[in-house]
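K.L.:
I would like to see how this sequence folds:
(one chain, ligands or ions: 1)
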Amino acid sequence: MRFQSTCLLLAILELCFAQMHYGGPVSRDVMCGISKGCYHDCSGNSCTFLITWITISDRVDFTLSYDLQESYPQWIALGLSRDVKMGSDSVIECVILDADGTNSDVFLSYNADTGKSNFRNDNPKIGIISSSSSIVDGIFTCSISRNISINDPKVFNLNDDYYLLFANGRMSGGLKMPHSKDPLPGASPKKVDFQTKVDLSRNEKFPLVKAHGCLMVFAWVFAASIGIVLARYYKLEWPGKTVCKEKVWFQFHRVLMVIAFACVVAAFIIIFIDVMGWSYLEGSTMFQRAHPILGVIVTALAVINPILALLRPHRGTRTREIFSWSHWFIGTVAHILSVLTMIIGVTLSRASTPLYAVWILIAYAVYQFLIELILEIQECTLFRRGKPSAYRNNSSAEKYRQPWETQKGNLLRRILLGVHVIIITAFTVVLIVIIAIH
Ligand SMILES: *[C@@H]1O[C@H](CO)[C@@H](O)[C@H](O)[C@H]1NC(C)=O
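P.N.:
Now for the predicted structure:
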């Protein structure tokens, strides 16, 4: 009796233990990057998925391993993509057909050109030389030997390079359900050449790209946003006061813009070092390919403007007016283009930044527009006879100003500046943290 209960206890314990270990992590293949190519999401030695490949004469042998985590029937698939998105991709899929996992199979399929659906090829085994699959300790592994080239546009030639899309999802009634969205499948950080033995992680980080992004955010979202507002709306604040022999607004404007300039130049150099020349952003959308072009324009403007400022003519001359206008115009164009460039930048796969960063940048742009609008309106109300062009002509603006304002400055305006600095700092910190930690 005692023996039997001990056995029962052991059996229960074993069951619990087995349950705990169901879906144990896939372990990293030590031969990755040495005798085979690999793409995975390993951290340390444990992965949720691992894809390996070896090219042998006119075929490529793939293995796909995935930690099932849950027991219901699932599918896993490797998509070969010419861009980084789902759509027009040649797919190798491994499916578990029943709940206990005794039945599984391998097919070739194709992601529709419109992107949202996947269809088995008319003859879903043509191009597969051999295949096998198994589930051991909750890890689903399938091996497929595929012809490098067959005469079917939906079965891509494996001599070409592709982005890899790994996806998984549930099966229901023998059919694949849409892929799981947490995490989203995402593409490999670069194209893969199946004739090479790379060891590529989906989580690969590009620290220089991150540094580039953080510097640009600091330059434009922080330094330029405050520096530009000072020059545009605070020329008449702090009358008579100076910092190091210069007007207060001018001193802070100059310091902030020099910081912005230095960050932009550093970020520009860093990204050229990272891509070793010009980035064509292969496989990206037209919109994304505009990033390097816009980046060069923005950087050029960011270099021209301080040079112009160094050469500024004397106050009160005709050329001074031309300078003021050009300085304002170049600064404004650069600032607007920089926001657009950053919005595109965070969508680039090498930035590996979550897409909600786009919304934060848009919120920042809306905020910056609103604060300038508020300051503009307030400036109008400050001057009795309509709004003088404070930027273009300081002396006339001073004439329009009420004597008491000239003496004390304007409290509301200073509070607005304080609020602006706080909000801008918050935007900057949030964006830099998001870029840095992902
Ligand atoms: C694929 O390769 C195998 C073995 O090399 C060959 O027998 C088969 O005919 C090839 N299939 C196609 C469709 O080319």
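K.L.:
what's around the residue in the chain that the ligand sits nearest to, how many residues?
P.N.:
Minimum separation of the chain from the ligand (C-beta to the nearest ligand atom) falls at Asn147, amounting to 3.6 Å. For glycine as for every other residue, the C-beta is placed from the backbone atoms N, C-alpha and C. Asn147 has 17 neighbours, counted by other C-beta atoms under 10 Å.
K.L.:
I'd like to know the beta-bridge partner residues of it.
P.N.:
Arg59 (DSSP bridges).
K.L.:
Wait, it touches Arg59, no?
P.N.:
Yes: between Asn147 and Arg59 there is a contact at 5.8 Å, judged by C-beta atoms under 8 Å.
K.L.:
could you say what helices and strands the helix or strand hosting Ser143 packs with?
P.N.:
For Ser143, the element it lies in under DSSP states H and E is strand 139-147. Contacts defined by 3 or more C-beta pairs under 8 Å, 6 or more residues apart in numbering; DSSP states H and E place strand 139-147 against strand 59-67, strand 74-81, strand 89-96, strand 104-111, strand 128-136.
K.L.:
If we use 7 Å, what do you get?
P.N.:
Identification of packing neighbours for strand 139-147 by 3 or more C-beta pairs under 7 Å, 6 or more residues apart in numbering; DSSP states H and E yields strand 59-67, strand 89-96, strand 104-111, strand 128-136.
K.L.:
what's the angle from the helix or strand following that strand to strand 104-111?
P.N.:
Per DSSP H and E, the first helix or strand lying C-terminal to strand 139-147 is strand 163-172. Counting by axes from the mean of the first three to the mean of the last three C-alpha atoms, to 10 degrees, strand 163-172 points 120 degrees away from the direction of strand 104-111.
K.L.:
Quick one: mean pLDDT for strand 163-172?
P.N.:
Mean pLDDT, strand 163-172: 90.
K.L.:
What residues of that strand count as buried?
P.N.:
Tyr163, Leu164, Leu165, Phe166, Ala167, Asn168, Gly169, Arg170, Met171 (16 or more other C-beta atoms under 10 Å).
K.L.:
and the closest residue to Cys38 other than its chain neighbours, how many residues sit next to it?
P.N.:
The shortest distance from Cys38 to any non-neighbouring residue, by C-beta to C-beta, 6 or more residues apart in numbering, is to Cys32 (3.6 Å). Neighbours of Cys32 under the rule other C-beta under 10 Å: 20.
K.L.:
In the stretch 201-350 of the chain, where is pLDDT below threshold?
P.N.:
280-284 (pLDDT under 70).
K.L.:
on that earlier part again, got the CA coordinates for the strand holding Ser143 in CSV?
P.N.:
C-alpha atoms of strand 139-147 as CSV (Å, rounded to 0.1, in the frame of the first residue of the first chain):
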residue,chain,number,x,y,z
ILE,A,139,10.1,21.6,-29.1
PHE,A,140,8.7,21.3,-32.7
THR,A,141,11.5,20.7,-35.2
CYS,A,142,11.2,20.2,-38.9
SER,A,143,13.8,19.7,-41.5
ILE,A,144,13.3,20.5,-45.1
SER,A,145,15.6,19.9,-48.0
ARG,A,146,14.7,22.3,-50.8
ASN,A,147,15.9,22.6,-54.4
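K.L.:
what's the angle between that strand and strand 163-172?
P.N.:
120 degrees.
K.L.:
what's the average pLDDT for strand 139-147?
P.N.:
Mean pLDDT, computed over strand 139-147, is 94.
K.L.:
Go through it and flag the buried ones.
P.N.:
Buried-residue list, strand 139-147, by 16+ other C-beta under 10 Å: Ile139, Phe140, Thr141, Cys142, Ser143, Ile144, Ser145, Arg146, Asn147.
K.L.:
Out of the helices and strands packed on strand 139-147, which is the most enclosed?
P.N.:
Of all the helices and strands packed on strand 139-147, strand 89-96 has the most neighbours on average by mean count of other C-beta atoms under 10 Å, namely a mean of 24.
K.L.:
what lines up beside it in the sheet?
P.N.:
When DSSP bridges is applied, strand 89-96 pairs with strand 74-81 (antiparallel), strand 104-111 (antiparallel).
K.L.:
how about the CA coordinates for the first one, as CSV?
P.N.:
Coordinates of each C-alpha in strand 74-81 appear next as CSV, following Å, rounded to 0.1, in the frame of the first residue of the first chain:
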residue,chain,number,x,y,z
GLN,A,74,0.4,25.0,-34.2
TRP,A,75,2.2,25.9,-37.3
ILE,A,76,5.6,27.5,-37.8
ALA,A,77,6.9,29.1,-41.0
LEU,A,78,9.9,30.7,-42.6
GLY,A,79,9.1,33.4,-45.2
LEU,A,80,11.6,34.6,-47.7
SER,A,81,11.0,38.2,-48.4
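K.L.:
burial of the residue lying closest to Phe222 once chain neighbours are set aside, as a residue count?
P.N.:
In space, and not counting its chain neighbours, Phe222 is closest to Thr428: 4.1 Å by C-beta to C-beta, 6+ apart. Other residues lying near Thr428 total 21 when counted by other C-beta under 10 Å.
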